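Enquirer: pasting the structure only:
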């Protein structure tokens, strides 16, 4: 009888550890689902192209979700759609290189015509 109780005590802690690990995994999955839903909502709000530009600038899903939250705050403060999006992107460090520029422009090297002297 004592052996059964000792075994039960030892295995119970392992079972609780497994349950704890499973609950952590489930929480991570719920968090990933929430972030994905926020990204989808932002994509619907501002458009697929705007989200693709963020991804091209190196933004991951968590960053895009943060941009979406900041965008909503900016809209509540009274900013227009475009200004709210640009302000949110700049605040989180994924904005365009210069204001008004949506895609990076290539640097063109100018050739000068030399006089033949």
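Expert: Perfect, I can see it now. Everything quoted here is computed from the prediction, not taken from an experiment.

Enquirer: Break down the protein into its helices, ranges please.
Expert: Secondary structure of the chain (DSSP state H): helices at 2-46, 48-56, 61-76, 81-91.

Enquirer: pLDDT of the last one, averaged?
Expert: In this model, helix 81-91 has an average pLDDT of 94.

Enquirer: where does this structure have low pLDDT?
Expert: Residues of the chain meeting the criterion pLDDT under 70: 1-18, 97-117.

Enquirer: For the helices of the chain, could you give me a markdown table that also reports mean neighbour count?
Expert: Using the backbone N, CA and C atoms, a C-beta is placed for each residue, glycine as well. Compiled in a markdown table, the helices of the chain are given as follows (neighbours: other CB atoms under 10 Å):
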| stretch | mean neighbour count |
| --- | --- |
| helix 2-46 | 11 |
| helix 48-56 | 15 |
| helix 61-76 | 18 |
| helix 81-91 | 18 |
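
Enquirer: Residue 84 - nearest residue in space that isn't next to it in sequence?
Expert: Once flanking residues are discounted, residue 84 sits nearest to residue 74: 3.6 Å by CB to CB, 6 or more residues apart in numbering.

Enquirer: which residues touch the one you found?
Expert: 83-85, 87-88 (CB atoms under 8 Å, 6 or more residues apart in numbering).

Enquirer: Could you tell me how far residue 56 is located from residue 91?
Expert: 19 Å (CB to CB, to the nearest Å).

Enquirer: what's the burial count for residue 80?
Expert: When neighbours are counted by other CB atoms under 10 Å, residue 80 registers 10.

Enquirer: what do you get for residue 47?
Expert: Neighbours of residue 47 (other CB under 10 Å): 12.

Enquirer: Now do stretch 83-97: everything it contacts.
Expert: So stretch 83-97 is in contact with 46, 50, 53-54, 57-59, 63, 66-68, 70-71, 73-75, 77, 79, 99, 102-104, going by CB under 8 Å, 6+ apart.

Enquirer: Would you enumerate the residues in contact with residue 36?
Expert: residue 61.
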